[in-house]
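[1] missing the sequence, but the structure's below:
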């Protein structure tokens, strides 16, 4: 039995169809790394999934076992410290990549009609990425983890009407309890990855249906040469970015491996505790204003970010 006809009968896709699928013209501006950042978070997300599965094999989502299980990963499990460091740095770079990608889309106006919905899906991905970072470092059960979750739940409670139910959902109760870490673990390892996978799929589908916003620069060639092939040209660009990220992740993990702070102590509030860098702006904003105003204004800023394509369209009509 010949293997080729056997596969063709069960997977009816011809070579011509594959060539047609991979020959889509790509705008010339995507040769610049700044405009090819869309694939970077996707690559880092896959790294997160792979390393997260390995870490979940040894992690214990309980108050009695979380801290010691992570300590054991770093000291007793072969290459455990390296896998955890890769996971941590991939999370940090993914947050940075998603923020930079959204900034690029914003400053180039690539969110405008008919791509408003794709901008909103991108904002959902950004929020899920930030939530993934928050639930991730909350699982360590060190001082930053415990008090960060406590402060976040208190801030959530200050939201009118929905605050108390959201706090109970986040902590699995009225306060930090034995069910809180399992709740964070389910959010971090199951709900958020599945949600982000669906959002990424929809995001890519809309890009395929609507195409990529084309930008023209003075140094670009005129005419049809403003486009190049997806395969192998753009594929090699993305592959190069992936290889660079692999080297960067390995380098950062070896030079700055993931560390552990003191174990969580509900009776001792640490001095000078600060959140991760991607929450620092919100942290300073909350320090400047009364709690209720700071929380509501933060929510208003997030709403403006989601609705910006429609606000931008309205402003351009008014001041045309």
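    Noted; the coordinates are in hand. Just so it is clear, the structure is predicted and the values come from calculations on it, not from any experiment.
[2] low-confidence stretches in the stretch 201-320 of the chain?
    Scanning the stretch 201-320 of the chain for pLDDT under 70 picks out 217-226, 272.
[3] what segments of it are strands?
    Remark: strands assigned in the stretch 201-320 of the chain by DSSP state E, counting those that start in this stretch are 227-229.
[4] helices of that one, start to end?
    Remark: helices assigned in the stretch 201-320 of the chain by DSSP state H, counting those that start in this stretch are 235-255, 280-288, 291-318.
[5] what of the stretch 1-150 of the chain?
    3-10, 15-21, 39-56, 66-75, 80-107, 116-138, 143-157.
[6] packing partners for the longest one?
    This points to helix 80-107. When contacts are defined as 3 or more Cβ pairs under 8 Å, 6 or more residues apart in numbering; DSSP states H and E, helix 80-107 sits against helix 39-56, helix 66-75, helix 116-138, helix 235-255. Quick note: C-beta positions are derived from backbone N, CA and C, even for glycine.
[7] that helix: how far from the chain's middle?
    On the basis of Cα atoms, centre = their mean, to the nearest Å, helix 80-107 sits 7 Å off its chain's mean C-alpha point.
[8] same thing with stretch 235-245?
    For stretch 235-245, the gap between its own C-alpha mean and the chain's C-alpha mean amounts to 19 Å (Cα atoms, centre = their mean).
[9] mind starting the numbering at 36 from now?
    Understood, numbering begins at 36; the last thing we discussed is stretch 270-280.
[10] ok, which of the helices and strands packed on helix 115-142 comes nearest residue 348?
    helix 151-173 (8.1 Å; Cβ to Cβ).
[11] packing partners for the closest one?
    Under the contact criterion of 3+ Cβ pairs under 8 Å, 6+ apart, helix 151-173 touches helix 74-91, helix 115-142, helix 178-192, helix 215-221, helix 227-245, helix 326-353.
[12] any chance of those helices in CSV, with mean neighbour count and distance to residue 150 too?
    Putting the helices and strands packed on helix 151-173 into CSV (neighbours: other Cβ atoms under 10 Å; distance: least, Cβ to Cβ, whole Å) gives the following:
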stretch, mean neighbour count, distance to residue 150
helix 74-91, 18, 18
helix 115-142, 20, 9
helix 178-192, 19, 32
helix 215-221, 20, 33
helix 227-245, 15, 6
helix 326-353, 13, 8
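[13] and these as a markdown table, adding distance to residue 267?
    Shown next, in a markdown table, are the helices and strands packed on helix 151-173 (distance: least, Cβ to Cβ, whole Å):
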| stretch | distance to residue 267 |
| --- | --- |
| helix 74-91 | 15 |
| helix 115-142 | 23 |
| helix 178-192 | 45 |
| helix 215-221 | 41 |
| helix 227-245 | 19 |
| helix 326-353 | 34 |
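[14] who wins for proximity to residue 106 among the ones you listed?
    In terms of Cβ to Cβ, the element of the helices and strands packed on helix 151-173 nearest to residue 106 is helix 115-142, at 9.8 Å.
[15] wait, residue 184 sits on residue 173?
    Yes - if you go by Cβ atoms under 8 Å, residue 184 and residue 173 touch, sitting 4.9 Å apart.
[16] got TSV for the helices of the stretch 236-355 of the chain, with distance to residue 109 too?
    Output for the helices of the stretch 236-355 of the chain, formatted as TSV (distance: least, Cβ to Cβ, whole Å):
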stretch	distance to residue 109
helix 270-290	12
helix 315-323	26
helix 326-353	35
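[17] between the ones you listed, which one is nearest to residue 188?
    The nearest among the helices of the stretch 236-355 of the chain, by Cβ to Cβ, is helix 326-353 at 12.3 Å.
[18] that closest one to helix 315-323, inter-axis angle?
    Helix 326-353 and helix 315-323 are oriented at 120 degrees to each other (axes from the mean of the first three to the mean of the last three Cα atoms, to 10 degrees).
[19] could you name the helices and strands sitting against helix 326-353?
    Looks like helix 326-353 contacts helix 151-173, helix 315-323 (3+ Cβ pairs under 8 Å, 6+ apart).
[20] out of those, which one sits most buried?
    The highest mean neighbour count among these, using mean count of other Cβ atoms under 10 Å, belongs to helix 151-173: a mean of 20.
[21] tell me the angle it makes with helix 101-110.
    Angle between the axes of helix 151-173 and helix 101-110 is 90 degrees (criterion: the same axes, to 10 degrees).
[22] quick one: mean pLDDT for helix 151-173?
    For helix 151-173, the mean pLDDT works out to 94.
[23] if we can go back for a sec, what's the closest of the helices and strands packed on helix 151-173 to residue 266?
    Among the helices and strands packed on helix 151-173, helix 74-91 sits nearest to residue 266 (Cβ to Cβ), with 13.7 Å.
[24] which outside residues touch the closest one?
    Identification of contacts with helix 74-91 by Cβ atoms under 8 Å, 6 or more residues apart in numbering yields 108, 118-119, 121-122, 125-126, 128-129, 132-133, 136, 160, 164, 167, 224, 228, 231, 235, 273, 276-277, 280, 284.
[25] I am finished for the moment; much appreciated.
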